[in-house]
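Participant: Fold the stuff below for me.
(one chain, ligands or ions: 1)
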Amino acid sequence: MPSTPTIDSAARALAVSQRLLVLSGAGLSAESGIPTFREAQTGLWAQFSPQDLATPEAFAANPERVWAWYRWRRTLIARGGVNAGHRAIAALERHMDVVIATQNVDGLQSTAGSRDVSELHGNIWIDRCSECGDERRQAVAEADEQAPIPTCQSCGAGMRPGVVWFGEMLPMAALERARAELDRCDCVLVVGTSNQVYPAAALVEMAVDGPTPVIEVNPQATAVSPCVDVHIAEAASMALPALVDRLDAMRTAR
Ligand code: APR
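Facilitator: Sure thing, here's the model as predicted:
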């Protein structure tokens with residue numbers, strides 16, 4: 001993708017940045033073939049909304065259905081893998097310190113090579129005991145849809161996906177880390193989130209209310225788009241590589 005005035009503006013903000021905070025959401029992984037949460041689901045899951053599946057109540061009522069949905073998403077992640085947007089964010093580490101706070105549970109930003117990723121909503125590759133909290137990390141692989149619900153090796157209770165469901169508390173360490181970075185960073189890059197789910201959305205609001213330049217990458221406008229410094233209305237896998245290329249060119253020209 002050739003540079004554009006918004007890419008140039010964003011690159012200029014990044015060129016003087018030493019420490020970048022990235023706040024990412026499902027749109028960053030959309031081009032890995034992983035449906036976002038507020039677009040209609042397809043196929044078998046068209047009849048369900050994620051909001052009806054990603055809850056403790058849904059799991060208590062029908063753990064098999066909830067496991068089937070997460071296994072379907074695990075298979076999509078394993079098949080889709082890292083995309084150019086994930087790789088571009090990892091590449092920014094050539095130019096500055098990059099801290100990422102993601103709402104995504106797919107683990108793809110770490111797979112892309114980013115070294116400082118806080119997972120605000122947990123990680124889909126972790127099974128967690130619904131009783132004792134014991135955790136088991138699963139290999140990234142297409143899921144066995146027929147497998148029984150996993151049971152805890154410590155206490156024998158049923159395991160659940162190690163993600164944060166609606167109505168549950170976020171991991172405090174991840175959230176506090178993201179909040180602290182708002183004060184330490186000198187640029188914020190918001191990628192692929194509708195900014196509708198709190199407290200993650202509050203991080204974006206605090207960023208736009210603060211003195212730090214905020215760049216938003218989202219083909220759609222969101223509630224914060226009028227308040228950010230640069231809104232790049234492009235897909236992440238197009239805009240982010242173009243941004244890195246522009247930054248590389250500016251740094252080379254120095
Ligand atoms: N590049 C960039 N942004 C994109 C792309 C893309 N290729 N495709 C879609 N988007 C944008 C959409 O315009 C939308 O604003 O990504 C956003 C996705 O919004 P949501 O589906 O609401 O996902 P997200 O903001 O991450 O949801 C937050 O809600 O369901 C819970 O826990 C779940 O972490 C999730 C949270």
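
Participant: drop to CA atoms for contacts and neighbour counts, all remaining ones
Facilitator: Noted.

Participant: How is this protein partitioned into domains?
Facilitator: 1-33+82-121+170-254, 35-80+122-163 (automatic domain parsing).

Participant: what about the closest residue to residue 203 other than its chain neighbours, how many neighbours?
Facilitator: Closest residue in space to residue 203, ignoring its immediate chain neighbours: residue 179 at 6.8 Å, by C-alpha to C-alpha, 6 or more residues apart in numbering. A count of nearby residues for residue 179, using other C-alpha atoms under 10 Å, gives 17.

Participant: do you know how far residue 179 is from residue 3?
Facilitator: Using C-alpha to C-alpha, to the nearest Å, residue 179 is found at 32 Å from residue 3.

Participant: burial measure for residue 133, as a count.
Facilitator: The burial count for residue 133: 16, using other C-alpha under 10 Å.

Participant: where in the stretch 51-200 of the chain is pLDDT low?
Facilitator: Across the stretch 51-200 of the chain, not a single residue meets the criterion (pLDDT under 70).

Participant: where do the strands sit along the protein?
Facilitator: For the chain, the strands defined by DSSP state E cover 19-24, 97-102, 117-119, 122-129, 135-137, 159-163, 187-191, 214-217, 230-232.

Participant: Only alpha carbons, please: show the fourth one as CSV.
Facilitator: So that's strand 122-129. Provided in CSV are the C-alpha atoms of strand 122-129 (Å, rounded to 0.1, in the frame of the first residue of the first chain):
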residue,chain,number,x,y,z
GLY,A,122,-6.7,-14.0,28.8
ASN,A,123,-5.5,-16.6,26.3
ILE,A,124,-7.5,-19.2,24.3
TRP,A,125,-4.7,-21.7,24.4
ILE,A,126,-4.9,-22.0,28.2
ASP,A,127,-7.3,-24.5,29.8
ARG,A,128,-8.2,-23.5,33.4
CYS,A,129,-9.8,-25.6,36.1
